[in-house]
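*Asks:* Show me how the following folds:
(2 chains)
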Amino acid sequence: MNILLVLIPVTLLIVGVGVWLFFWAVNHQQFDDLDSPASLPLLDDQPAPASPAASPQHHPTPPS
Amino acid sequence: MNDNAAWAHPQLAAQVVRTRRDGGSEVALRVESLHDPRQVLWLEQRIRALPGVRRVAIDRPARRVRVTWDARRTTLPALLDSFDAAHCPARPLQHDSIDDARAQEQHQALKHLLVAGMCSMQVMTYAFVIYIGVVDFVDFSTRNLFRWLGLLTSLPVVFYSAQPFFAGAVRELRQRRLGINLPVALAVLLVFLASAFNTLRGSGEIYFDSVTMFVFLLLAGRYVELRSRHRSGALGDAAIDATPLLAQRRRADGELETVAAIALLPGDRVHVAEGEAVPADGVLESADAQVDEALLSGESRPLRRQRGERLVAGSVLLSGPVELRVEHGGSTSTAARLGALADRARQVRARVAPSDRVIGRFVARVLVLTALTALGWLLVDPTRAFEAAVAVLVVACPCSFALARPAALTRALGVLAARGVLVTDGKALETLARVDYALFDKTGTLGVPKLDRRGIEPLRGDTPERVLQLAAALAHESSHPLARALADAARQQSPTRQAQSVRVHAGAGISGELDGRALRLGRADFALAPASRQLPATLADALVLADADGAIAAFHLAEQPRAEARRLLDALRADGVAIAIASGDHASRVDALADRLDVAERHARQSPEDKLARLQAAHAEGHITLAVGDGSNDAPLLAGADVSAALASGTELAQTHADLLLLDGHLGSLADARATARQLQRVIRQGRHWSLWYNLAAVPFAAFGLVTPWLAAIGMSLSSLLVVLYALRVGRGAPGPTDAPHPPLHPRELHA
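*Replies:* Sure thing, here's the model as predicted:
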């Protein structure tokens, strides 16, 4: 039963890490838009007749 | 883009951009074309790639984009240009839109939910170990260790996740009313404290698993409700943002141009037509004016302002067109006042929270029942008293009962907003469902007056174009539907000219001066009054333009029924609603339209007082009355009805005190509103019945100790969830063409 003394802190740690990860995700708006990312794989390189970039420094990364 | 360049002005930028403490800037933008998810992603990537941009948050239902960026590296005009280049033109919104209260609230709720979920699973594993009795074989210290672990892991649930319930209970107590948060908070606290006490003394039952699961399931139900409420709120915001307040600014060359009211600068000269809202604080440059500041101060009497006095932004001009010199472009206070309308519409949603007396009584009974159960068991078997009392408290908690109405109502408001109906009074929907008498105004409501070339009859040999231009100079100062039709017809041909000292005479016509010539436009007897001629019979129902020497031209406006009028009237008739038309117009014209729409009850030549009397007579006979009119001209009628609807757009929204506003002239959406209102009543009633029966069925079992607290928690949370999900039925499967997607709301041409 001594294994309990190791495993119990491990379970608590996992919960702690899980909560921390989830808080990070919430704070970084990972849950704000749950609809559009679904169509991400279907995205062409550049939709529409996108006109040249507005600013010279602008290089949109083609989504993959 | 010239329009975008204007935002470089520091005073304009100050209205829309907020500076963060870390030196970054924030702005909220309205983007029209966000239909396609691909476009949303594309836009987001594009904007994020700009130099200095730190955060892009796109709120698709609300059609808002919030950008946090470094203004030293990319200017606001450059940012807007990038939106244009991505084919998603953006318009800055006032900076009170930057705070995304919805996102904040949702983040909080999600965190509470997740902590509760993770911890309750953990507590469950510890509890399971105790239940199956593995540790009993070892020794009591191990068993106690698991009880302590349970206590430790339920701490975050009780003191973090359950916060909304405690906060709600404290609020309810402070307001001296009984709400649904009180029994929940009481149950959580009681069960937790009892379990903690038993853990400390090392004997007795513990319920950590029940209490954490209870909190988790309840939070899950509330989260679903929150999501649907936010969606409705976002749709409403999108409808409100679509109608920005515009102003007519006089350029250096004297021409008028239309700009957004928040883009006005001090020193600008603005032209405000009768019946429109004052777009900015300024000094009156015309002789005098009557204004209505009801929306700002609650003072409902018209106020008179002289030349040189100040007009306050957001007040409504009652008499004549005026010229205004802007004093403050947009101090924050002005911006806030201009948002008064938006606030009014939003308040309804805020007020949707249950404040029912029914719920208060319900909660009181639950508390009494709990006390009785505890008492009963104390007499019979004191060891089971606590468990049974907690089970009763949890099972009987009227959460689903209390959720039924707000969940369905928020859903209905959102659905209607998406269809172009803004509801400014939550009770209006309940009344609308019971309406059985509808009184319609004619001109501008059921029918749209239109002027074509053949309808122009010059009486003194001028060309039709010339007389139309003269008439339009007067007509565009009035908000009456006939005047608007005339002004619209003229605008297609030539730029509008400016008449001087224009006065609008309510119910009669408009007078003014153009090139030193006194002109009058209106009913024949009004227009020809100074010339004191006999009225030619042919002009009796025409709009006449005249000067001191007599009539110049007559305008015969044809009246077409609105596209959706037929559908609305048919839908109402099928529903058993009596329909009447009351109009100030000639009998022949009223008959023509009423025949086309098959309306038997028609009244011509009605003054506003006559219409109101007719409405009140119907009310006295026991009818529930609905009045439908055009926003600015039928105010007394709308105010007198049990429930009122007005066709409105733009700045009229601010002054229309109708319960339902039909945007974009979609008359047919009133039929949708009626269908939704009836469905809403049904869903609320069914939801409440369901929860009532559930409670009645479950309470006896709980009181006799047959339901354990954890089972009670599951049943109660599931019933809440069921009611919320059921409420989402509102607006789904509405009859008729409403299933088709509503044409997207588009920006309207408005004038302030």
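
*Asks:* contacts, neighbours, all on C-alpha from now
*Replies:* Will do.

*Asks:* count of neighbours near B:C88?
*Replies:* By other CA atoms under 10 Å in any protein chain shown, 19 other residues sit near B:C88.

*Asks:* can you tell me how far it sits from B:I510?
*Replies:* 42 Å (CA to CA, to the nearest Å).

*Asks:* go on, B:V590?
*Replies:* Taking CA to CA, one finds B:V590 at 23 Å from B:I510.

*Asks:* Between these two, tell me which one has more neighbours.
*Replies:* Remark: of B:V590 and B:I510, B:I510 carries more neighbours, 26 against 22, as counted by other CA under 10 Å.

*Asks:* Would you list the phi and psi of that one?
*Replies:* When read as degrees, to the nearest 10, the backbone of B:I510 gives phi -130, psi 140.

*Asks:* Name the residue of the stretch 201-350 of chain B that lies nearest to chain A.
*Replies:* Going by CA to the nearest CA, chain A is nearest to B:R227 of the stretch 201-350 of chain B, at 10.8 Å.

*Asks:* Kindly report the same for the stretch 151-300 of chain B.
*Replies:* Counting by CA to the nearest CA, the stretch 151-300 of chain B gets nearest chain A through B:T153, at 8.3 Å.

*Asks:* Report the next helix or strand after the host helix or strand of that residue in sequence order.
*Replies:* For B:T153, the host element (DSSP states H and E) is helix B:140-156. Using DSSP H and E, the next helix or strand after helix B:140-156 towards the C-terminus is helix B:163-174.

*Asks:* Give me every residue in contact with that next one, excluding its own residues.
*Replies:* B:L178, B:G179, B:I180, B:N181, B:L182, B:V184, B:A185 (CA atoms under 8 Å, 6 or more residues apart in numbering or on different chains).

*Asks:* Number of residues surrounding B:A542?
*Replies:* 18.

*Asks:* That one reaches B:A524, doesn't it?
*Replies:* Yes: when contacts are counted by CA atoms under 8 Å, B:A542 is listed as touching B:A524 (7.1 Å).

*Asks:* before we move on, the earlier item: show me the contacts for the residue of the stretch 151-300 of chain B closest to chain A.
*Replies:* B:C119, B:S120, B:Q122, B:V123.

*Asks:* What about the first one, how many residues nearby?
*Replies:* Here the number of neighbours of B:C119 (other CA under 10 Å) works out to 27.

*Asks:* Need the pLDDT of the residue lying closest to it once chain neighbours are set aside.
*Replies:* Excluding the flanking residues, the one nearest B:C119 by CA to CA, 6 or more residues apart in numbering or on different chains is B:T153, at 5.9 Å. Note on B:T153: pLDDT of 92.

*Asks:* Kindly report the same for B:S479.
*Replies:* 68.

*Asks:* again with B:G736
*Replies:* Reading off the model, B:G736 has pLDDT 39.

*Asks:* Ok, B:E172 next?
*Replies:* For B:E172, pLDDT reads 82.

*Asks:* Close to chain A: what parts of chain B are there?
*Replies:* Counting by CA under 8 Å from any CA of the partner chain, chain B comes close to chain A at B:37-42, B:45-46, B:49-51, B:58-59, B:78, B:81-82, B:85-87, B:103, B:107, B:110-111, B:114-115, B:118-119, B:122.

*Asks:* Filter these down to the ones in strands?
*Replies:* B:I58, B:D59 (DSSP state E).

*Asks:* Identify the residue nearest the residue of the stretch 201-350 of chain B closest to chain A in space, chain neighbours excluded?
*Replies:* Using CA to CA, 6+ apart, the closest residue to B:R227 is B:Q106 (7.7 Å).

*Asks:* Please tell me I have it right and the one you found contacts B:S228.
*Replies:* No: the criterion here is CA under 8 Å, and B:Q106 misses it with B:S228 at 11.1 Å.

*Asks:* Compare neighbour counts for those two and give me the winner.
*Replies:* Between B:Q106 and B:S228, counted using other CA under 10 Å, the more crowded position is B:S228 (21 against 18).

*Asks:* these two touch, right, that one and B:R411?
*Replies:* Yes: applying CA under 8 Å, one finds B:S228 in contact with B:R411, separated by 6.6 Å.

*Asks:* Show me whatever sits in contact with both of these two.
*Replies:* B:L728.

*Asks:* What is the burial count for residue 7?
*Replies:* All of this is about chain A. Neighbours of A:L7 under the rule other CA under 10 Å: 11.

*Asks:* wait, chain B
*Replies:* So B:W7, with other CA under 10 Å, has 22 neighbours.

*Asks:* Also B:Q104?
*Replies:* By other CA under 10 Å, 12 other residues sit near B:Q104.

*Asks:* How about B:S588?
*Replies:* 11.

*Asks:* Okay, buried residues for the host helix or strand of it please.
*Replies:* If you go by DSSP H and E, B:S588 is part of helix B:587-596. Buried residues in helix B:587-596, counted by 16 or more other CA atoms under 10 Å in any protein chain shown: B:R589, B:V590, B:D591, B:L593, B:A594.

*Asks:* ok, the residues you listed vs B:A473, which is closest?
*Replies:* Nearest to B:A473 among those is B:R589, at 26.0 Å by CA to CA.

*Asks:* How far does the helix holding B:S588 sit from its chain's centre?
*Replies:* 35 Å (CA atoms, centre = their mean, to the nearest Å).

*Asks:* in stretch B:366-380, what counts as buried?
*Replies:* B:V366, B:L367, B:L369, B:T370, B:A371, B:T373, B:A374, B:L375, B:G376, B:W377.

*Asks:* any idea of the mean pLDDT for stretch A:30-50?
*Replies:* Mean predicted confidence for stretch A:30-50 is 65.

*Asks:* hmm, back to that, restricted to helices, list the residues of chain B next to chain A.
*Replies:* B:37-42, B:45-46, B:78, B:81-82, B:85, B:103, B:107, B:110-111, B:114-115, B:118-119, B:122 (DSSP state H).

*Asks:* List the contacts of stretch B:503-511.
*Replies:* By CA under 8 Å, 6+ apart, stretch B:503-511 touches B:274, B:319-321, B:474-475, B:477-478, B:502, B:512, B:518-523, B:526-527.

*Asks:* so which of the contacts of helix B:163-174 is the most crowded?
*Replies:* Busiest of the contacts of helix B:163-174 [other CA under 10 Å] is B:G179, holding 29 neighbours.

*Asks:* what's near enough to touch it?
*Replies:* Per CA under 8 Å, 6+ apart, neighbours of B:G179: B:A169, B:E172, B:S355, B:I359, B:G360, B:V363.

*Asks:* try B:V65
*Replies:* Contacts of B:V65 by CA under 8 Å, 6+ apart are B:A28, B:L29, B:R30, B:V31, B:V56, B:A57, B:I58, B:D59.
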